[in-house]
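Enquirer: Have a look; sequence and predicted model below, questions after that.
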Amino acid sequence: MQLNQLLSPSYSNMLSAMSAWLDKAEAQMGKEEAQALLTARLAADMFPLATQVRFSCVQAIEGMCRLTGKPLPAMVQTLLDEGREAGTAPGSLDDARNRIAETLEWVRDVEPIAGEPEGRSDLPHELPNGMIFDFTADEYARDWAIPQFYFHVMTAYAILRAQGIDLGKADYVAHLLGKIRPASAPQG
């Protein structure tokens with residue numbers, strides 16, 4: 001299995017779950033009150049929910065691009081800009097869900113690659129502060145793409161939970177519920 005084929009379903013499952021969490025927050029609190037959640041943070045020095053949503057999208061797109069040798073689409077810069085400004089301009093819940101939907105469409109449309117593209121065994125990754133990590137494709141997927149994506153997804157989940165949204169493990173792993181053996185499912 002190619003790395004992008006491994007990551008794409010994970011990105012899709014969790015981005016879909018995050019969109020459902022936003023829906024659940026809106027249903028539980030009402031649109032106006034739930035809108036305020038977009039500026040909620042776990043700690044004062046962390047980004048707010050609106051940023052966590054956008055950065056989750058960035059990580060999914062970036063991971064797919066880097067592992068397939070594709071250039072980053074323009075929407076990545078838009079997501080980064082929106083995410084960095086979300087403390088003062090969080091957008092709306094509809095904006096957040098639209099960004100997730102656009103990312104899901106983009107991730108699902110990435111064509112699988114046949115073998116590692118030439119030169120992709122070395123994936124240098126430069127951060128905005130100038131630090132550069134040297135990864136192989138496997139290391140990049142395992143040590144960067146997956147943890148960075150889940151960091152932002154889990155932070156979004158934790159912000160919503162901390163704000164009183166009724167989310168549980170079934171909301172986090174909703175994609176697994178269809179795999180439960182019927183006879184082993186909880187009754188009642």
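Expert: That came through fine. Numbers count the residues shown, from 1 in each chain.

Enquirer: Go ahead and flag the most central residue of this structure.
Expert: Of all residues in the chain, the one closest to the mean position by CA atoms, centre = their mean is Ser56, 2.8 Å from it.

Enquirer: Helix or strand: which one has Asp23?
Expert: Asp23 is located in helix 3-29, with elements delineated by DSSP states H and E.

Enquirer: if we can go back for a sec, please name the spatially closest residue to the residue nearest to the centre of the chain (chain neighbours excluded).
Expert: Computed as CB to CB, 6 or more residues apart in numbering, the closest residue to Ser56 that is not its neighbour in sequence is His152, at 4.1 Å. Where you see a C-beta, it was placed from the backbone N, CA and C, and this is true even at glycine.

Enquirer: from what I can see that neighbour touches Ala60, true?
Expert: No. At 9.5 Å, His152 does not count as touching Ala60 under the criterion of CB atoms under 8 Å.

Enquirer: more crowded one of these two?
Expert: Applying other CB atoms under 10 Å to His152 and Ala60 shows that Ala60 carries more neighbours, namely 27 against 23.

Enquirer: helices and strands around the helix or strand where that one lies, which ones?
Expert: Counting by DSSP H and E, the secondary-structure element that holds Ala60 is helix 49-68. Packed against helix 49-68 by the contact rule (3 or more CB pairs under 8 Å, 6 or more residues apart in numbering; DSSP states H and E) you find helix 3-29, helix 74-85, helix 93-109, helix 146-162.

Enquirer: Report the buried residues of the first one.
Expert: By neighbour count, and taking 16 or more other CB atoms under 10 Å as the criterion, the buried residues in helix 3-29 are 3-4, 7-8, 10-12, 14-15, 17-19, 21-22, 24-26, 29.

Enquirer: tell me the contacts of the residue nearest to the centre of the chain?
Expert: Applying CB atoms under 8 Å, 6 or more residues apart in numbering, we find Ser56 in contact with Met14, Leu15, Met18, Ile100, Phe149, His152, Val153, Ala156.

Enquirer: pLDDT score assigned to it?
Expert: Residue-level confidence at Ser56 comes out at 98, pLDDT.

Enquirer: now do Ile132
Expert: According to the model's per-residue confidence, Ile132 sits at a pLDDT of 93.

Enquirer: Now do the helix holding Asp23: distance to the chain's middle.
Expert: In terms of CA atoms, centre = their mean, to the nearest Å, the centre of helix 3-29 is found 7 Å from the chain centre.

Enquirer: That one: what's the following helix or strand?
Expert: Next helix or strand after helix 3-29 toward the C-terminus (DSSP H and E): helix 31-35.

Enquirer: Show the pLDDT at the spatially closest residue to Tyr11 that is not a sequence neighbour.
Expert: The shortest distance from Tyr11 to any non-neighbouring residue, by CB to CB, 6+ apart, is to Ala60 (4.0 Å). The model reports Ala60 with a pLDDT of 96.

Enquirer: How about the one 10 residues further on?
Expert: In the predicted model, Lys70 carries a pLDDT score of 86.
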